[in-house]
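[1] Coordinates for the following, if possible.
(one chain, ligands or ions: 1)
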Amino acid sequence: MIEATLCFVLRDRGDGRPDDAAGAPNATDEVLLIEKRRGLGEGWYNGPGGKLEGDETPRECAVRETREEVGLELDPAALEKAGELTFLLDGAVHTRCHVYRTGTFAGEPRPSDEARPEWVPIDEVPYDQMWEDDRLWLPGVLEGRTVAGEFRFAGGRPLDEAEFVDHELEWDASFRAVESD
Ligand SMILES: Nc1ncnc2c1[nH]c(=O)n2[C@H]1C[C@H](O)[C@@H](COP(=O)(O)OP(=O)(O)OP(=O)(O)O)O1
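    Numbering: from 1, shown residues only. Next comes the predicted model:
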């Protein structure tokens, strides 16, 4: 089983409208997406992220992948855990993905071998150019919600060539307060 991360960095486009009382982004906020240049999901948009390496924690992985892919520095303590997604292929768990959200970052995004970054208004996220499951959970995550989900794929290898079959979602999930998460 692969353990991986996705990290959604948000910024305010500066129209002066405050986020809501709970701190959830408003529709004028932008999210940093990448156009994946190689590997799983090549050619599709996603958040920065990737597979855990060595004994790093998911949070450390999200910080490292965001640095490697788009050159932004993130504060690990400011990453909010927003989701735990399980992707199954032909009945077996293929990838468990930890999803983070943050509005705290330093630097300007720059392209890398792996990714072309792009700030996208959260009401213009190109779901037709993303993993098919993203449209089911990413809008809620961008609104500040938490989600636990299972997504079943079948009949293809690699995962991005398989057919998306069905899913289960649990919204407003609370995640274990584990330091390493
Ligand atoms: N179904 C689905 N929806 C949304 N996002 C994903 C999936 N399946 C996935 O695997 N993913 C995400 C999870 C990861 O962020 C990436 C895949 O990671 P990958 O690019 O293979 O990992 P890296 O470590 O960056 O890759 P290499 O360095 O090995 O090239 O997709």
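
[2] Tell me where the longest helix sits in the chain.
    As assigned by DSSP state H, the longest helix anywhere in the chain is helix 58-70.

[3] And the contacts of it?
    With CB atoms under 8 Å, 6 or more residues apart in numbering as the test, helix 58-70 has contacts from 3-7, 9, 32, 34, 48-53, 56, 72-74, 76, 79, 98, 100, 109-112, 114-115, 117, 180-181. C-beta: built from backbone N, CA, C; applies to glycine.

[4] if you set the cut-off to 6 Å instead, what comes out?
    With contacts defined as CB atoms under 6 Å, 6 or more residues apart in numbering, helix 58-70 is touched by 5, 7, 34, 48-50, 52, 72, 74, 76, 79, 98, 100, 109, 112, 114-115, 117.

[5] List the ones among these that fall in strands.
    Among those, the ones falling in strands (DSSP state E) are 5, 7, 34, 49-50, 74, 98, 100, 115, 117.

[6] Restricted to buried residues, select these in ChimeraX.
    A single ChimeraX command is used to select the members of these judged buried by 16 or more other CB atoms under 10 Å:
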select :5,7,34,49,50,74,98,100,115,117
